[in-house]
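Undergrad: I'll drop the sequence and a predicted model, then ask my questions.
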Amino acid sequence: MSSVRFTVTPTKVEDLTGLSDTSPDISSRPSAHVRFGSRESVNRSDPVSEGSAGGTMFGGMGGNETPDRSSIDQGEGNSKISSVYINNSHGMDDDEFFDRNLALFEEEMDTRPKVSSLLSRLANYTNLTQGAKEHEEAESIGEKKKTSKSPQMGTFMGVYLPCLQNIFGVILFLRLTWVVGTAGVLQALCIVFICCCCTLLTAISMSAIATNGVVPAGGSYFMISRSLGPEFGGAVGICFYLGTTFAGAMYILGAIEILLMYIVPQAEIFKGGGAAVLNNMRVYGSICLLLMSLLVFVGVKYVNKLASIFLACVIVSIVSIYIGAFVSAFHEHKFTVCMLGNRTISSHDQCNKTVPVGIKDTTGNFDSNFTLGYENSTAGPVVVPTAAPAAEEKPTLLWEEFCHSTELNATCDEYFTANNFTEIKGIPGLASGIISENLWSSYIGKGEVLEKSSLSSSHSSPPASPTHPYVFADITTSFTLLVGIFFPSVTGIMAGSNRSGDLKDAQRSIPIGTILAILTTSFVYLSSVVLFGACIDGVVLRDKFGESVDGTLVVGTLAWPSPWVIVIGSFFSTCGAGLQSLTGAPRLLQAIAKDNIIPFLRVFGHGKANGEPTWALLLTALIAELGILIASLDLVAPILTMFFLMCYLFVNLACALQTLLRTPNWRPRFSYYHWTLSFLGMIICLALMFISSWYYAIVAMVIAGMIYKYIEYHGAEKEWGDGIRGLSLSAARYALLRLEEGPPHTKNWRPQLLVLLKLDEDAHVKSPRLLTFASQLKAGKGLTIVGTVVSGNFLQTYGEALAAEQTLKHLMEKERVKGFVQCIVAQKPREGISHMIQSSGLGGMKPNTVVMGWPHTWRQSEDPQAWKTFINTVRVTTAAHLALLVPKNISLFPSNSEPPTDGYIDIWWIVHDGGMLMLLPFLLRQHKVWRKCGMRIFTVAQMEDNSIQMKKDLATFLYHLRIEAEVEVVEMHNSDISAYTYERTLMMEQRSQMLRQMRLSKSDREKEVYLSPRFRSTEGHTSNPIKDDRDRQAQLVKDRNSMLRLTSIGSDDEDDTDGGERDRPVSSSSEHHRRVQMTWTKEKTAQYRAAHSGCSTPEGFRDMLSIRPDHSNVRRMHTAVKLNEVIVNKSHDARLVLLNMPGPPKNTDGDENYMEFLEVLTEGLERVLLVRGGGSEVITIYS
């Protein structure tokens, strides 16, 4: 909407028709400019110049038509002059003062900027004042760098696939079949389900934290440290770093195991079993670690390029397992297992004691000397040798190993002699029913032989000799051990949050992508447990290294079309996972070192010129080498299980703590969380730690505790707005001492209320609804102090002060407000309030927000102390940097017993003073009375602002604040000052002058009577003092009646009069009105007579009608009138209107005018909350 203005310079007052007869004479002021402007919209594509428009306008006028009634023909459109505007420039250029529409706020524009200027600085929402030094430093550094490309990664590529790659790993291919065979299908399902539940609950908690603001790159460490503080953050960050580092070692060991056992077994350096195998792992693992570290050092970009290839290998491998499982139902696999009795034999070409000379002919058919039978339906074919002449037999290699001789009459092992060899199918298939055997657990000790319970065996079962070719268990198995070994296969859920800086919409992508990845991997794991149990024989499942199936990877026996698909795929996937761990761990250590919370780690915060963490990579490689020297995948897995479980435990603790504390900044966009879920996840994490390895759990806790204490005593002081600090707000001496360490972070800001209540003569609270309103704000769970001031001397009014204190306590109990009462006795109320604001609270538990009522009778009261105390309190709160809340029409505010009603809470965000306007409606809506109310945020756009862009920026800003609200930008163009505004200002100043005259004390009036000419002889005769005094008093009563009549001018009753009848021309100079001097001397008496002769007479009142209003008051009144018009138009039906409260004038002479401005600003509104921020940020977009 644009404004078209027309300018004319009249020479006579008659030229201006429509002005009231009571208007001051402007015919003697030829330089006064009068502008008539149209408020109707004009098509911007067809601009009309002022000259042509002016000609059209005045050409269309005729006779006695007033400008505001005339119609103007502008081309094809018709615009009506809606009202008359008078521009009172007083010889000043418009550019010499701030925006005319915001003149009320111009004195504080340096500390409370316009919303449009704030939003323009928040283009990418990284420059918002956070109250945290590190944010400001990061932003100043970021501004120097060249503009980076905006993140474009979505949910699928940015979160889902990276999580899949990190979750699927070495355990799936190397140990899951062994877990199923050892624990049985039922217990294996239980293990997988518990571990997946743990990660799912942790992901829910992580999603809540990750969507509670903008999470910069840093992942879980950033979330935990900023939620629980530097001590917990540092301890858990180090644990997470160690877990990631040992995960890299585990992946490397897995890759070497695949390489040496399934790809190139001949590459072994040390021959034999036991220690030789471990030594081979150590040598090749160290070489692999060195190569991977060099690759990471050269460039992470190569690792990222290979990531997609490694992920493809994982997916292809998993798909081949599923295809192979279903193919097994129709197609018989070639893998068979040799059994001696019920004991499993490692792979041999001939599963016999002796081989007859003619066992097979050239066609491969069996000789007639042998019969083919079946032991049972699931065991497969059983070859049973028949009696044959000894001359036709020769011993096999198995005979030689059990009898230590090639002679047929040699003495053999007792169990070997008593039992026969049989062959069973290693992969009976999906339709074989083998799952019935695999349902139950089969835990065995180290060195025991793998046995198949369904096969018969001789009654004498002597212990097996390690020299015999049995398949032995390498470790003692138990349920707890399997939990510790399997859990690393479900870790990696933080991959999405670690990439939050690269995501287009992290708050949406992280929860969806992470939870979908967990659900996908959980389905794969659970279905794999069932498929393995239904397709593969139990002894093969328990055979960890595939010795019974020709040294083939067990899961590879099920794969289609070839086991090599799994072998190659798993090798590359483990290599890729190792590279990812060696890439992520140094960056995590670098982030901890740069936070400077652990002094001895500072050196690891440095790196190459491009920021690559060189020193951190070196330390990571050294720690990973320790894991490789352990050389056993089964021993390394429980170590990293501890560290990951501790990290997940604290993620759940952070979410539960923030939820229970109900911090005002806790507004996650992800709403499907609850503190009970977080506590359940925390309990599962703690239980899994002690289930898998109680001694590892204790060691991990001791390490974390030592780091915590070290940071607490020697670490750098950091203030990140953590939940522990929020918890300390309600603690006792220890917490109070901690709160003294520094100012609270923006995220921990909550309204600590000082409610100022006034008592009447009977010690009853005048506005009890103020306390009701304060109780509705208590969703912030902050401090509440209810204060009052008792006038008098403390020694004499101590009893009254106690009575007032009890009255307030009873009212607080009635309103269910938990807090403290403070009653101060002072000679003057304003001094008492000032003392209360200065002294309330203790340590960090000091009020930061003052709530006080509006002085409703300030216009009618002869005693100015009420509104002077009000303005003085506003000044004191501003000086003390406290926020101020002034509910107007508090009696109309809802009580706590009223049912919730629908409607809107309207926020008029005119200037930015810390974000109080955003936070208060959020807190109010936590209360049942306001819960159903929606939020509407209005802001004001000026001529130079792009209102469309402002609306987009404001909507994005609210999105990052996690606040749901409707947004509207109201355009207020630089319209001319109306005659109504001029007249309202004039009446305000006239009334102020009358009040100055009528508020003289009785002694001052007596002095004025004494100094009056009527008191003395003026015409040669002696006057009667008594009679003259009565005349004087009668005159004063008449003056008072005149003053009261003038005070009604400009009140609400007069607002509906026609605008044309209120127009007044404006004078070109302002007059400075000084207060009456109360100390009288002869010189001052003469000056007073000269300056104010006749002021107390009716003629004096008529002279005052000709005073000209001050120009700054006119502009402020213009702001109040224009804003009030817009607010009433948009928010007349709102349940509550929140509005920036302008500051009082620096010159105390304008205090009465300030009250009038506030009155005009809030006219016609039922419930208004005037808000002044304390000068600090109270709301943040950051997590």
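TA: Structure's in. What do you need?

Undergrad: show me which residues of the longest helix along the chain are buried.
TA: As assigned by DSSP state H, the longest helix anywhere in the chain is helix 176-210. Neighbour-count burial for helix 176-210, counted by 16 or more other C-beta atoms under 10 Å, picks out 176-185, 187-189, 191-192, 194-210. C-betas here are computed from N, CA, C, even on glycine.

Undergrad: and stretch 392-407, by the same measure?
TA: E393, P395, T396, L398, W399, E401, F402, C403.

Undergrad: just checking, the second one touches T406?
TA: Yes: using C-beta atoms under 8 Å, P395 and T406 qualify as a contacting pair, with a distance of 5.5 Å.

Undergrad: what helix or strand is the nearest residue to I258 once chain neighbours are set aside on?
TA: Spatially, and ignoring its direct neighbours in sequence, I258 is nearest to F571 (4.7 Å; C-beta to C-beta, 6 or more residues apart in numbering). Assigned by DSSP states H and E, F571 belongs to helix 563-595.

Undergrad: what packs against the helix or strand following that helix?
TA: On the C-terminal side of helix 563-595, the closest following helix or strand by DSSP H and E is helix 614-630. Packed against helix 614-630, as judged by 3 or more C-beta pairs under 8 Å, 6 or more residues apart in numbering; DSSP states H and E, are the following elements: helix 230-258, helix 275-298, helix 563-595, helix 633-661.

Undergrad: how about low-confidence regions in the stretch 201-350 of the chain?
TA: For the stretch 201-350 of the chain, applying pLDDT under 70 flags the ranges 215-220.

Undergrad: between the helices and strands packed on helix 614-630, which one is closest to D110.
TA: The minimum distance between D110 and these falls on helix 563-595, with 33.2 Å, by C-beta to C-beta.

Undergrad: tell me what the closest one is packed against?
TA: For helix 563-595, the packing partners by 3+ C-beta pairs under 8 Å, 6+ apart are helix 161-167, helix 170-174, helix 219-228, helix 230-258, helix 275-298, helix 300-327, helix 554-558, helix 614-630.

Undergrad: strands of the stretch 651-800 of the chain, residue ranges please.
TA: Assigned by DSSP state E, counting those that start in this stretch, the strands in the stretch 651-800 of the chain fall at 753-756, 784-791.

Undergrad: tell me how far the first one lies from the chain's centre.
TA: Think strand 753-756. 28 Å (C-alpha atoms, centre = their mean, to the nearest Å).

Undergrad: elements contacting that strand?
TA: Where contact means 3+ C-beta pairs under 8 Å, 6+ apart, strand 753-756 is packed against helix 769-776, strand 784-791, helix 829-839, strand 849-852.

Undergrad: check contacts around F523.
TA: Taking C-beta atoms under 8 Å, 6 or more residues apart in numbering as the definition of contact, F523 has no neighbours.

Undergrad: do that again at 10 Å, thanks
TA: Contact analysis of F523 by C-beta atoms under 10 Å, 6 or more residues apart in numbering lists C196.

Undergrad: pLDDT of whichever helix or strand it is part of, averaged?
TA: Using DSSP H and E, the element containing F523 is helix 506-535. In this model, helix 506-535 has an average pLDDT of 92.

Undergrad: buried set for stretch 675-685?
TA: So for stretch 675-685, counting by 16+ other C-beta under 10 Å, buried means W675, L677, S678, F679, L680, G681, M682, I684, C685.

Undergrad: no no, stretch 640-650
TA: L640, T641, M642, F643, F644, L645, M646, C647, Y648, L649, F650.

Undergrad: stretch 768-787 now?
TA: Under 16+ other C-beta under 10 Å, the buried positions of stretch 768-787 are 768-787.

Undergrad: distance between the ends of that stretch?
TA: Start-to-end span of stretch 768-787 (C-alpha to C-alpha, to the nearest Å) is 13 Å.

Undergrad: spatially, what comes nearest to I948 if we skip its sequence neighbours?
TA: Nearest residue to I948 in three dimensions, chain neighbours excluded: V969, at 8.0 Å (C-beta to C-beta, 6+ apart).

Undergrad: er, I434 I mean
TA: Nearest residue to I434 in three dimensions, chain neighbours excluded: P428, at 4.6 Å (C-beta to C-beta, 6+ apart).

Undergrad: part of a helix, is the one you found?
TA: No: P428 is assigned coil when assessed by DSSP: H, G, I helix; E, B strand; the rest coil, not a helix.

Undergrad: was I right to think it contacts C535?
TA: Yes: under the criterion of C-beta atoms under 10 Å, P428 makes contact with C535 at 7.2 Å.

Undergrad: any residues in contact with both of these two?
TA: What both P428 and C535 touch, as defined by C-beta under 10 Å, 6+ apart, is the set S328, H333, I434, I435.

Undergrad: can you tell me which two in those residues are farthest apart?
TA: H333 and I435 (16.3 Å).

Undergrad: quickly list the domain ranges of this protein.
TA: 151-333+471-692, 702-742, 745-887+894-898, 901-1008+1110-1182 (the TED database).

Undergrad: could I get those domains as TSV with distance to N420?
TA: Shown next, in TSV, are those (distance: least, C-beta to C-beta, whole Å):
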stretch	distance to N420
domain 151-333+471-692	17
domain 702-742	55
domain 745-887+894-898	75
domain 901-1008+1110-1182	73
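
Undergrad: out of those domains, which gets nearest to P463?
TA: Comparing those under C-beta to C-beta, the one sitting nearest is domain 151-333+471-692, at 11.3 Å.

Undergrad: JSON lines please, covering the buried residues of stretch 392-407 and showing distance to I910, pLDDT and secondary structure.
TA: Shown next, in JSON lines, are these (distance: C-beta to C-beta, whole Å; pLDDT from 0 to 100; DSSP: H, G, I helix; E, B strand; the rest coil):
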{"residue": "E393", "distance to I910": "106", "pLDDT": "78", "secondary structure": "strand"}
{"residue": "P395", "distance to I910": "101", "pLDDT": "85", "secondary structure": "strand"}
{"residue": "T396", "distance to I910": "97", "pLDDT": "85", "secondary structure": "coil"}
{"residue": "L398", "distance to I910": "93", "pLDDT": "87", "secondary structure": "helix"}
{"residue": "W399", "distance to I910": "99", "pLDDT": "87", "secondary structure": "helix"}
{"residue": "E401", "distance to I910": "93", "pLDDT": "85", "secondary structure": "helix"}
{"residue": "F402", "distance to I910": "95", "pLDDT": "85", "secondary structure": "helix"}
{"residue": "C403", "distance to I910": "100", "pLDDT": "85", "secondary structure": "helix"}
